[in-house]
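>>> please work out how this folds:
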Amino acid sequence: MDLFSLKMGASPLVVSIPHSGTFLPEDIAGQLTEEAHRLADTDWHVDRLCQFLRDLDVTVLAATHSRYVVDLNRPPDGALLYPGQNETALCPTKTFSGKELYKPNRAPDQKEIQRRREKYWQPYHQALQRELQRLKTLHGHVFLWDAHSIADQVPTLFEGNLPDLNFGTNEGQSCDEALSAQLMSVANDQDKYSAVLNGRFKGGYITRHNGDPAKGIHAVQLELSWATYMDGDPSFAFRDDLAEQIQPLLSRFITTLLELKL
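Numbers count the residues shown, from 1 in each chain. Next comes the predicted model:
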């Protein structure tokens with residue numbers, strides 16, 4: 001199983017999809033609990049939802065392995081992204097709801113975490129950085145769209161219902177202000193989906209590490225509520241009727257990036 005799929009485009013946009021993978025290597029799968037095998041914390045169907053990108057001249061990098069193997073959106077040293085708030089680790093040991101992922105005494109130790117970082121985490125980030133640099137060299141600037149999704153209710157991570165569209169720019173540090181302003185303008189120019197900028201989710205490691213507007217690299221994370229395109233637990237089923245409604249808006253966001261003059 002390849003670690004990721006990569007479709008290379010020529011436009012100045014890279015779409016990263018790090019959490020939609022569901023593959024569990026056999027050696028890791030045998031250590032996991034029955035609950036873990038449900039893969040409940042997957043960013044379900046984000047790659048399918050974004051199939052419209054395949055018809056555009058954009059680069060799409062999508063992970064194939066589950067985030068339970070290693071979380072591609074966490075710092076390699078395990079540093080916290082949101083100090084003081086609940087969050088999962090580089091190699092998660094619990095689900096978002098606090099359930100154990102590993103059978104007793106089978107959680108990864110530091111040696112195993114290092115192995116997974118080298119085998120699974122590094123190749124994705126090396127590929128991402130190669131594509132960002134390739135397109136920046138070609139255009140003088142590049143946009144990174146980090147695509148995620150999550151249940152609209154996760155009591156251990158946030159209170160109440162999550163907005164439909166959760167944009168993160170690390171409090172404006174990962175992209176030019178004009179970019180986030182344009183995205184929010186598009187989001188606010190409709191009344192079906194709620195939207196917030198730098199709310200509970202401000203962008204993970206991919207956004208924070210790669211976004212450097214002073215160097216022409218502009219990164220934005222979108223955390224999309226499952227309720228906009230799928231059913232939640234237990235089926236995690238893709239809903240074509242819902243997806244067809246949100247996809248035109250997602251397409252407008254992508255078009256906005258491609259047309260933006262900085």
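>>> can you count the residues close to Ala40?
Neighbours of Ala40 under the rule other C-beta atoms under 10 Å: 18. No exception for glycine: its C-beta is placed from N, CA and C like everyone else's.
>>> contacts only, for it.
Counting by C-beta atoms under 8 Å, 6 or more residues apart in numbering, Ala40 touches Thr95, Phe96, Ser97, Asp233, Phe236.
>>> with adjacent residues omitted, what lies nearest to Gln31?
Spatial nearest neighbour of Gln31, chain neighbours left out: Arg106 (4.1 Å); criterion: C-beta to C-beta, 6 or more residues apart in numbering.
>>> just want the most central residue of this protein.
Closest to where the C-alpha atoms of the chain average out (C-alpha atoms, centre = their mean) is His148, at 3.5 Å.
>>> just checking: what are the partner strands of the helix or strand that residue falls within?
Here His148 sits within strand 142-150, counting by DSSP states H and E. Looking at strand 142-150 with DSSP bridges, its partner strands are strand 13-17 (parallel), strand 217-225 (parallel).
>>> thinking again about what came up before, turn the contacts of Ala40 into JSON lines, columns for pLDDT, neighbour count and distance to Arg54.
Shown next, in JSON lines, are these (pLDDT from 0 to 100; neighbours: other C-beta atoms under 10 Å; distance: C-beta to C-beta, whole Å):
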{"residue": "Thr95", "pLDDT": "97", "neighbour count": "20", "distance to Arg54": "31"}
{"residue": "Phe96", "pLDDT": "96", "neighbour count": "17", "distance to Arg54": "30"}
{"residue": "Ser97", "pLDDT": "94", "neighbour count": "14", "distance to Arg54": "33"}
{"residue": "Asp233", "pLDDT": "95", "neighbour count": "11", "distance to Arg54": "29"}
{"residue": "Phe236", "pLDDT": "98", "neighbour count": "16", "distance to Arg54": "22"}
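>>> now the residues you listed in TSV, with secondary structure?
Converted to TSV, those look like this (DSSP: H, G, I helix; E, B strand; the rest coil):
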residue	secondary structure
Thr95	coil
Phe96	coil
Ser97	coil
Asp233	coil
Phe236	coil
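>>> any idea which of those is closest to Ile217?
Set against Ile217, the nearest of the contacts of Ala40 by C-beta to C-beta is Phe96 (29.6 Å).
>>> next up, the contacts around that closest one.
So Phe96 contacts Ala40, Asp41, Thr88, Ala151, Val154, Thr156, Leu157 (C-beta under 8 Å, 6+ apart).
>>> ok, of those residues, which come out buried?
For these, a neighbour count by 16 or more other C-beta atoms under 10 Å gives the buried set as Ala40, Asp41, Thr88, Ala151, Val154, Leu157.
>>> alright, that wraps it up for me.
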